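In: Provided below for reference: sequence and predicted model.
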Amino acid sequence: MSGFPSLLGPDDPAPFRITKATSDSPFLLVSDHAGRAVPQSLGRLGVAESDWGRHIAWDIGIHGVGVALQALLGADLVEQVYSRLVIDSNRAPGHPTSIPAISDHTPIGGNANLSAACRARRESEILHPYHDQIAALLAARTRPTALIALHSFTPRMNGAERPWHVGILHHRDTRSAGVMLDLLRGEGDLCVGDNEPYVLTATSDYTVPYHAEQGGLPYLEIEIRQDLIENEAGQNSWAQRLARLLPLYWNAISTAK
């Protein structure tokens, strides 16, 4: 932003990590909360080091799932590397929860009483470049595409246990969701959530409404419980499961009348 110092310095990572496709895959994989980097100029946001390993900072395990799934499918993968505590890449610019001052009862001191200029720098240097990269990849594609948004969720929230192993979130595209829900339920070993543990709406989320629903693309927003993917074995197991089911999903939605 003109007249203000840059948020990101020369030693800070770029706001997205891209792993390029190695095949003509119908999928574009995106991961809004894959990383927990913080710009050096922001210090640690007043957050204790022990809290940076918690779900408030990132989607635990989803980076490993995404990388393994990309290798199996050969699809493009775009990951946000900055923590959701810096700015949440699955929230629209200006959304009240985009830059949280409190997350799961934990104060985020570096986000308290932010000026409009500070918020705008985080949007322009972290949020927008990530979404611009997703938009550019979609615009360049010459084949039908499904957007696959990868997330993970904490096993308990506000004292309540969450029984689901995996959830499929949806809003307008109920057909896509229904196909994948049936496939997951057919596995026989999963507790599957339909719009659980969250409900996808046009205002609660940003990536799917902005890139898929506005463009008329089929999509899946997949939520995996974090205790199932906290280690490499779990991440690989879920990547293998999704790599087996996603082509079945694509075939079903592509051939349905």
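Out: Nice, I can see it.
In: off-centre distance for stretch 186-206?
Out: 13 Å (Cα atoms, centre = their mean, to the nearest Å).
In: model confidence over that stretch, on average?
Out: Mean pLDDT, stretch 186-206: 96.
In: put the alpha carbons of that stretch into CSV.
Out: This file holds the C-alpha atoms of stretch 186-206, laid out as CSV (Å, rounded to 0.1, in the frame of the first residue of the first chain):
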residue,chain,number,x,y,z
GLY,A,186,-20.5,-46.5,1.7
GLU,A,187,-17.1,-47.0,3.2
GLY,A,188,-18.7,-48.6,6.3
ASP,A,189,-16.2,-47.4,8.9
LEU,A,190,-17.0,-43.7,9.1
CYS,A,191,-19.3,-41.4,11.0
VAL,A,192,-20.1,-38.9,8.2
GLY,A,193,-21.4,-35.3,8.8
ASP,A,194,-23.7,-33.6,6.4
ASN,A,195,-22.9,-29.9,6.9
GLU,A,196,-21.1,-30.9,10.1
PRO,A,197,-19.3,-29.7,12.1
TYR,A,198,-20.0,-26.4,10.2
VAL,A,199,-22.6,-25.2,7.8
LEU,A,200,-21.4,-23.6,4.6
THR,A,201,-23.1,-20.4,3.7
ALA,A,202,-22.4,-17.5,1.4
THR,A,203,-21.2,-15.4,4.3
SER,A,204,-19.5,-17.8,6.7
ASP,A,205,-17.1,-19.1,4.0
TYR,A,206,-15.3,-17.4,1.2
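In: list the buried residues for it?
Out: 192, 193, 194, 195, 196, 197, 200, 204, 205, 206 (16 or more other Cβ atoms under 10 Å). From N, CA and C alone the C-beta is placed, and that goes for glycine too.
In: bridging residues for the residue lying closest to the fourth one once chain neighbours are set aside?
Out: Among residues not flanking residue 195 along the chain, residue 169 sits closest, at 5.7 Å (Cβ to Cβ, 6 or more residues apart in numbering). According to DSSP bridges, residue 221 are recorded as the beta-bridge partners of residue 169.
In: ok, now residue 17?
Out: Beta-bridge partners for residue 17, by DSSP bridges, are residue 79.
In: just give me the neighbour total for it.
Out: Using other Cβ atoms under 10 Å as the criterion, residue 17 is surrounded by 19 other residues.
In: cool, and residue 63?
Out: There are 23 residues near residue 63, going by other Cβ under 10 Å.
In: which SS state does it fall under?
Out: helix (DSSP: H, G, I helix; E, B strand; the rest coil).
In: ok, the residue nearest to it when sequence neighbours are not counted - contacts?
Out: Closest residue to residue 63 apart from its sequence neighbours, by Cβ to Cβ, 6+ apart: residue 34 at 4.3 Å. By Cβ atoms under 8 Å, 6 or more residues apart in numbering, residue 34 lies in contact with 17, 58, 59, 62, 63, 66, 79, 80, 81, 150.
In: pLDDT and distance to residue 137 for those - can I get that in a markdown table?
Out: Shown next, in a markdown table, are the contacts of residue 34 (pLDDT from 0 to 100; distance: Cβ to Cβ, whole Å):
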| residue | pLDDT | distance to residue 137 |
| --- | --- | --- |
| 17 | 98 | 13 |
| 58 | 98 | 22 |
| 59 | 98 | 21 |
| 62 | 98 | 19 |
| 63 | 98 | 19 |
| 66 | 98 | 15 |
| 79 | 98 | 13 |
| 80 | 98 | 14 |
| 81 | 98 | 17 |
| 150 | 98 | 15 |
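In: now those residues in JSON lines, with distance to residue 128?
Out: Listed next are the contacts of residue 34 as JSON lines, based on distance: Cβ to Cβ, whole Å:
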{"residue": "17", "distance to residue 128": "16"}
{"residue": "58", "distance to residue 128": "20"}
{"residue": "59", "distance to residue 128": "20"}
{"residue": "62", "distance to residue 128": "22"}
{"residue": "63", "distance to residue 128": "21"}
{"residue": "66", "distance to residue 128": "21"}
{"residue": "79", "distance to residue 128": "16"}
{"residue": "80", "distance to residue 128": "12"}
{"residue": "81", "distance to residue 128": "15"}
{"residue": "150", "distance to residue 128": "21"}
